[in-house]
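Colleague: Pasted the sequence and its predicted model underneath.
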Amino acid sequence: MEESPILVHIWAVDPANEGLAAKHLDKMFGEVVADAGFVSARVLESVDGASIAALVEMRSVEDRQRLEQLPAVRETLDHLPGTVNVVLRLYHEVAAYHA
């Protein structure tokens, strides 16, 4: 399977620190959007607030790999404040639908 320019990262949220993870992601993505390889990012929170996810799309696999090695991004992926664990998965696109 080929690597993808898309990264999906899911964290379980520590209820005692609700909101901290989203604030940290907002700050990190505020810096990332200026990267030439950046396409888009979404931050999603489960309805019950128990988990938060980031979906990041870069222009190429190389852009995604480079992004993951930036100090602020690496720290966030390894230890997002206000979370208790991390689930990291790389995905490849199998279909796309647009309006």
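Modeller: Received it, and whenever you're ready, just let me know what you need.

Colleague: Following the chain onward from the top helix by length along the chain, which element is next?
Modeller: The helix spanning the most residues in the chain, taking DSSP state H as the definition, is helix 20-32. The helix or strand immediately downstream of helix 20-32 is strand 38-45, counting by DSSP states H and E.

Colleague: So for that following strand, what gets flagged as buried?
Modeller: If you call a residue buried by 16 or more other Cβ atoms under 10 Å, then strand 38-45 has these buried ones: 38, 41, 43. Where you see a C-beta, it was placed from the backbone N, CA and C, and this is true even at glycine.

Colleague: Neighbours of the nearest residue to residue 21 once chain neighbours are set aside, how many?
Modeller: Nearest residue to residue 21 in three dimensions, chain neighbours excluded: residue 82, at 4.1 Å (Cβ to Cβ, 6 or more residues apart in numbering). When neighbours are counted by other Cβ atoms under 10 Å, residue 82 registers 19.

Colleague: just residue 17 next, same as before
Modeller: Around residue 17 there are 12 other residues, counting by other Cβ under 10 Å.
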